[in-house]
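Trainee: build me a model from this:
(chains A and B)
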Amino acid sequence: MAEVRDSDRREAPSDSLRPPRAVVGSHRIEEQMFGKVFDGRIIRRIWQFVRPYRFRLALAVAAVLVFTATQLTIPLIIRHAIDSGLTEETGGRTALNLVILVFGATILVNFAASWVQESVVGKVAENVLFDIRSAMFSHLQRVSLSFMDKTEVGRLMSRLQGDVNAMQEFLETSVLSVGDIVLLFGIIALMLWLDWQLGLMVMMVLPVLFVVRLFWLPPARRAFMAAHETNSVANGALAEGIHGVRIVQSLDRQKVNFTLYDDKVRANLDAHRTAARFAQVMVPIVDSLTGIAMAVLVVFGGAMVLDHELDVGVMVAFLFYIQRFFDPIRALTLQYSVMQRAMASGHRLIEVLDVAVDIQDAPDAEELPADMDGSIEFRDVTFGYNPGQPILKHLSFRVEPGQTVALVGPTGSGKSSAMSLVHRFYDVQEGAVLVGGRDVRSVTQASLGGQIAMVLQEPFLFTGTVEENIRYNKVDATHEEVVAAARAVGADGFIRALPDGYAQMLGERGGSLSLGQRQLISFARALVADARILVLDEATASIDSYTEMQIQKALQILLKGRTGLVIAHRLATIRDADKIIVLQKGELIEQGSHDELMEAGGPYSQLYNFSYASFDDIRPQDLPGAPAGSDT
Amino acid sequence: MASRPTHDVPTREELLRRTAAAGWRAGLRTIFRVVRINLKTPRMVAVALISTVIAAWLQLLIPVLLGRAIDQTQVLTAGPSEAEAARQALWSIAGMVLLVAVLRGLFTTAQNYFSEMVGHTTGYRMRLAYYRKIQQLSFDFHDQAHSGDLITLGLLDLDGVRMFFSTSLTRMVLLTMLIGIGGYRLLSTDLVLGLTALSFVPFVAWRSSVTQLRLRGTWLELQQRLSVLSRVMEENLAGIRVVRAFTAAPYELQKFAVASERALDLSHKRVDLRVRNTSAMNLSFLMAMGLVLWVGGNKVLSGQITVGTLAAFLTFMTILQMPVRQLGLLVNSLARTSTCGARLFAILDLAPTIADKPGAPELEITKGELRFENVDFAYAGGGRPVLSGISFSARRGETIGLIGPPGSGKTTIAHLIPRFYDVTAGRITIDGQDIRDVTVSSLRHAVAVVQQDVFLFTTSLENNIAYGDPWAQESRIASASASAQLHRYIQDLPAGYRTVVGERGASLSGGQRQRMSIARTLLLDPAILVFDDSTAAVDANTEGRIREAMQEKAAGRVTIIVAHRLSSLMHADRILYLEDGRIVEQGSHDELLQLGGRYRALYDLQVRPKGAA
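Mentor: Next comes the predicted model:
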């Protein structure tokens, strides 16, 4: 039931007066929400995205102006109706009919202008939003992987969603603001034109409103922000409660969490209360000022009409203007916040758009020929993510076409980095990586990628069917090819057992499948890609022995007829390799076949005799000649 | 317990369809239920509604006063005394205008503030109720529910219900007042002119309702398309290494473009829909105004009404314009409340399948003996039995190993002991007490499971280790993490135990995360400790050291180990080999090797791989 009894609330065990070592949810300080009001650099960059639509935008601005003009005209027409149409001496019915005709024409113009304005502005703003997003997304496809490694996906997603939306809002409201400004000044000008003395008197309230809003805005905005932030804090806690519900229940933390959650939700309620007070305090002020303006009009305008110094129609027109007075002021002060937000967002968007693209095709890059021999060679390669901290030091080795080479070594020895270099995820600092006898920097990335299939340690599956996942970007692969690949790696059996077989939709990250099954699908995907070279990072996580056997078989099929570079963790894989390269701290310390290395009696054989289940289990202090280190 | 209540957890789409089909009766029931929750703050509701009525009434006074003022200015000034009287009247009317404006402002403030607060208070209650319900609902519910859907329910749907009071109820009262009183005033002053002035109302009300409903429909569709788009982007970024590895950027960009195009297309349609509507509404309003001017003007000319009355009519119309347009928003808000509410109540009305029996006593640990008696288990609605006829017992100090192929039921056994699920037949006892007869809380304090998937909370390492006992002393936290072979690592971190999980500096490896989970469980010092394949990512050496560290405490408890790796459970006092939910072999490691059955085969496979001499 949707009720909360008060007695339920604070039931946390009170065996201690100490506060519990407990929180629910987390709260990272949110990004700067407001920036400068105006930043020319940001505007210029964003303008590039608006530029293609500049003619449509100009049309929209014109429509806004026409629309505003008709809005300003209507009270004037009413004035004429009253002043010249309602007294016989100035024309009577004929004049009235004429005025009504003008009125009719005006509202038709108003209709058309309002249509054009809203439709064009709305669509252009949407287009710009999608264009910016698209530019960012395609840029992210090219930026260096080290940037992607360092940046959380959530952070990028908030750029691609929240920040582009802020720009859209900005664009949309900016055009409409033009109308607000014209409306405000139009009203002022018309009132002064109709009767400058009365106009001035009525307009006395305007500066008051400006000053009030000026003082009101900063604290009010703080209150709104606080409401917004406490809300996301509470929502974060809810999300955590949902994701971690199994742990919460198994450790019986419900009561403590409920109390903590209550605190957060209550804080949000309080923040909302403050924000509501700030929002509502303006209402009586604006209403009172409107009241004052009307009272002034009634007393002084009325007296002037009595004294025949003013037509009654003018007074009616004034009434209309006074009622419209405050809308543009409200909209314009809001626009101020929109602009600040847009600048902060724009800044972040540009940051993403400006991330350097490190890896690019050389101007004279050639295609890597399809009939290249499939060899891989590292020539004196030195590489590190940060200069001065090399991960690989003067590494040289060669993988002959068709050979399978196992890279082994403890965590941090540089195996994964070496693997990434083959595909040119990064560029080497010294030396060169050669594929098919050519420096990877001298060929196009597309042709290089086309010859290399990679299997990562963590199988990553996309939302979609099993078949789509296996086919992935090889869109011309037939259903038969997909099935053949799945059969070859031994995945066909479990795929057919799924309710929808190959058409089975996989949930987020292939959630419904076991790790071993996901691994097999990623093998099948690599098989469909059918490349000359296979680079594979063996999974470390232990998989049950049955699936494990399957994977070993699949691996042999995958490597057949291909050059293979495998980061190996399993003894079986290592033993079967044509050559084993032992890495330690980025240096090659030994290489050769299993038998050769065992015979040589070097570090590898010693390690092998420790009989670990996996080479990752090797502790640094077990490494021959390594100084004793910590156990992590 | 032959028939277990089963959760029929509907997906979001199902819920959407269901509520759409449920019709307006069910919708009304939902809305009344929301109203009842609103009424839990009766004073705020009363103040809000009364203020709304008064504010509307005051607002409608203003055109009357202004009309009167204009009429005063038209008084034929026969002499100075009449002129003076007219001036006096203008002053008093001005005073009234000011007074009414100020009062209206104050009452509008009260109306807005209190109706917003009724909403927020309702939101507060609903949030707590929802959170509590989610925490109570048993594993069977969470197995079927999508966490993303549950979060959306708790954010968007809850918001829909929260907004009901201010966007539906108050607005309804306001509209009724304005259209009712305003309409009555207009019609009673001059029937023909009144009808003319109100002529735009039915059209605008209808247009705006229809459009808002259609906008709502397309909005839901747009959200759907946008979520596809964001999924494409999110998966691309999370799986960027796969994308790069397959040089699939063009393919991915194509996927993005398709999703993007679909969303943009619909956005444009929505703009059209909205624009057509607002422009038409504007036009019909202005046309009515023109007609009033024409009809009214003629009436003024023929002396039937005064200029002031005409001005009052025109002002009335500008006041009525806004609320009439908002009729559509009202309809939209009602539709939203009934669908959101229906979804939310569907969850709030579920009862957890695992709950204390009335008056259930606490579990009492005496000898510390765990016993499975002929236990059968099948997941609700799943049909196929997962466990059948499982019987075994374990005394304090004993370690039981569970092994078997995937799907043989090992993890299910681990989940039945702390009553994550209830057995379908047979029973599980601890010291002779059926675990279904004692409180869940006391049971889970006695039984701790180190789960397969490690979930760490985004808080400090120490808070994570002390998750089950937030009042634990620091020394206990340190000793638990020392047993889990983490103490040295944590100590060496710059922020030590205060390092926050997930942020830079503490991106823990898979093995470390599992050890965190072990530390968290060891801290509780349970009578029955279950490892559910929870050392898979911990290397064999470290696992051995953890075992040594636990040795002393292990004498006082029952330890159950589920594992794939033989080395994790070879030392157990008894090993149960499971297949298809049955125990097919059991005994000590040596006995099972002697037996030469399935366990032996597995041993040969794992420990002596082919080719090894």
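Trainee: could you check the longest helix along chain B against chain A for contacts?
Mentor: With residue count as the measure and DSSP state H as the assignment, chain B has helix B:80-136 as its longest helix. Yes. Residues of helix B:80-136 contacting chain A under CB under 8 Å from any CB of the partner chain: B:83, B:86-87, B:90-91, B:93-95, B:97-102, B:104-106, B:108-109, B:112-113, B:116-117, B:120-121, B:123-132, B:134-136. Where C-beta positions appear, they are placed from N, C-alpha and C, glycine not excepted.
Trainee: tell me the pLDDT of B:Arg336.
Mentor: Per-residue pLDDT puts B:Arg336 at 86.
Trainee: ok, the nearest residue to it once chain neighbours are set aside to chain A distance?
Mentor: Nearest-residue entry for B:Arg336: B:Gly160, 4.7 Å, with adjacent residues in sequence omitted and distances by CB to CB, 6 or more residues apart in numbering or on different chains. Look at B:Gly160 and chain A: by CB to the nearest CB, to the nearest Å, they are 14 Å apart.
Trainee: before we move on, which element is B:Gly160 in?
Mentor: Using DSSP states H and E, B:Gly160 falls within helix B:158-162.
Trainee: mind checking the pLDDT average for that helix?
Mentor: 91.
Trainee: derive a ChimeraX selection command for the buried subset of the residues of helix B:80-136 next to chain A.
Mentor: ChimeraX command restricting these to the buried ones, with burial defined by 16 or more other CB atoms under 10 Å in any protein chain shown:
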select /B:83,86,87,90,93,94,97,98,100,101,102,104,105,106,108,109,112,113,116,117,120,121,123,124,125,126,127,128,129,130,131,132,134,135,136
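Trainee: now do the same contact list for A:Ala237.
Mentor: With contact taken as CB atoms under 8 Å, 6 or more residues apart in numbering or on different chains, A:Ala237 is in contact with A:24-25, A:260-261, A:264.
Trainee: and the helix or strand that contains it, how far out from the chain middle?
Mentor: A:Ala237 is part of helix A:205-243 when elements are defined by DSSP H and E. Relative to its chain's centre, helix A:205-243 lies at 23 Å (CA atoms, centre = their mean, to the nearest Å).
Trainee: show me what secondary structure element comes after that helix.
Mentor: Next in line after helix A:205-243, if elements are assigned by DSSP H and E, sits helix A:245-250.
Trainee: what is the helix holding B:Gly160 packed up against?
Mentor: helix B:80-136, helix B:327-348 (3 or more CB pairs under 8 Å, 6 or more residues apart in numbering or on different chains; DSSP states H and E).
Trainee: so which of the contacts of A:Ala237 is the closest to B:Pro63?
Mentor: A:Lys264 (47.4 Å; CB to CB).
Trainee: strands along chain B, start to end?
Mentor: In chain B, the strands defined using DSSP state E lie at B:370-377, B:387-394, B:399-403, B:425-430, B:433-434, B:447-450, B:528-532, B:558-562, B:574-579, B:582-587.
Trainee: in a markdown table: the ones you listed, plus distance to A:Ile100.
Mentor: Converted to a markdown table, these look like this (distance: least, CB to CB, whole Å):
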| stretch | distance to A:Ile100 |
| --- | --- |
| strand B:370-377 | 83 |
| strand B:387-394 | 86 |
| strand B:399-403 | 90 |
| strand B:425-430 | 86 |
| strand B:433-434 | 88 |
| strand B:447-450 | 82 |
| strand B:528-532 | 83 |
| strand B:558-562 | 87 |
| strand B:574-579 | 90 |
| strand B:582-587 | 92 |
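Trainee: quick one, which of these is nearest to chain A?
Mentor: Counting by CB to the nearest CB, chain A lies closest to strand B:447-450 out of the strands of chain B; the figure is 5.5 Å.
Trainee: list the buried ones in stretch B:539-557?
Mentor: The neighbour-count check on stretch B:539-557 (16+ other CB under 10 Å) flags B:539-543, B:546-547, B:549-550, B:554, B:557 as buried.
Trainee: closest residue of the stretch 501-613 of chain B to chain A?
Mentor: B:Asp539 (3.6 Å).
Trainee: pretty sure that residue contacts B:Gly511?
Mentor: Yes. B:Asp539 is in contact with B:Gly511 according to CB atoms under 8 Å; the separation is 6.6 Å.
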